[in-house]
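*Asks:* can you look at this prediction? I've put the sequence above it.
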Amino acid sequence: MNLNTSPLGLANLGPLAQLRAGRLPERLVRLLVGLYLYGISNALLMRSTLGGSPWVVFHEGAARHLPLSLGTIMVLVALVVLLLWIPLRQMPGLGTLANTLLLGPFTDINLQVFDAPEALGLRWLYLLTGVVVCAIATALYVGAQLGTGPRDGLMTGFARRAGWSIQRVRTCIELVVLALGFALGGIAGVGTVVFALCVGPITQFFMRYLVLRLDVAPAPAPES
């Protein structure tokens, strides 16, 4: 197996190689649309009030034990996750920077668009739609092959190095993070469990159609 490419065709290129890999305008549009959809997903999940994602539970749990704001903890967790990229040899890129700078504002914009519904049925609709939109957003912006955010990079790095499916890796990561967050005192809900179990398989499904395969030369074999 080529450790520089995942089974879905995700190439692990350096930042400059990502920009030179062709179809750049299309890939930039996919990156921005994917991140904006991610902001819609975050807003829908938060407005459903049925339970945050496992990462939200983890951040809230950590906040119970550290004299830091939730935002500061999110930044610190992102930095720790980026350190885990080193043994995975996961490459950053423009998408990593865009994820860091744009996801928060895109989420804030959509929180102004969507109000929290009172009807339980509509709250469930928000939840389920948020999970599906999250999967589409992930497949779009990761599939643009311009670099991922810290947490999604952990997913793609493990998938590439272990040869596992995105579904398997994403689900395992979500469940581990959920367990850690719950142990730290984070508050989970039925929506948290739905997200943890469903987002991986749905992301895997959309990845099959939304990853832009690049013409990447295989890494040269080491000399004997």
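*Replies:* It's in.
*Asks:* helices along the protein, start to end?
*Replies:* For the chain, the helices defined by DSSP state H occupy 15-19, 24-48, 54-63, 70-88, 94-113, 120-143, 150-162, 166-183, 190-210.
*Asks:* dump those helices to TSV, plus distance to residue 9.
*Replies:* For every residue, glycine as well, the C-beta is placed using N, CA and C. Shown next, in TSV, are the helices of the chain (distance: least, CB to CB, whole Å):
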stretch	distance to residue 9
helix 15-19	14
helix 24-48	13
helix 54-63	26
helix 70-88	18
helix 94-113	16
helix 120-143	9
helix 150-162	11
helix 166-183	11
helix 190-210	9
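*Asks:* any regions of the protein where pLDDT drops low?
*Replies:* Applying pLDDT under 70 to the chain picks out residues 1-8, 215-224.
*Asks:* ok, now which ones touch the most centrally placed residue in it?
*Replies:* Taking CA atoms, centre = their mean, the centroid of the chain lies closest to residue 152, which sits 3.7 Å from it. By CB atoms under 8 Å, 6 or more residues apart in numbering, the residues touching residue 152 are 99, 138, 142.
*Asks:* let's see that with 6 Å instead.
*Replies:* residue 142 (CB atoms under 6 Å, 6 or more residues apart in numbering).
*Asks:* what about it, distance to residue 78?
*Replies:* Using CB to CB, to the nearest Å, we find residue 152 at a distance of 11 Å from residue 78.
*Asks:* residue 203 too?
*Replies:* 20 Å.
*Asks:* which of the two has more residues huddled nearby?
*Replies:* Taking neighbours as other CB atoms under 10 Å, residue 203 and residue 78 compare with residue 203 leading, 27 against 15.
*Asks:* quick one: contacts for the closest residue to that one other than its chain neighbours?
*Replies:* Of all residues not flanking residue 203 in the chain, residue 135 sits nearest, at 4.2 Å (CB to CB, 6 or more residues apart in numbering). Listed by CB under 6 Å, 6+ apart, the contact set of residue 135 reads 199, 202-203, 206.
*Asks:* scan those and report the most crowded one.
*Replies:* Busiest of the contacts of residue 135 [other CB under 10 Å] is residue 203, holding 27 neighbours.
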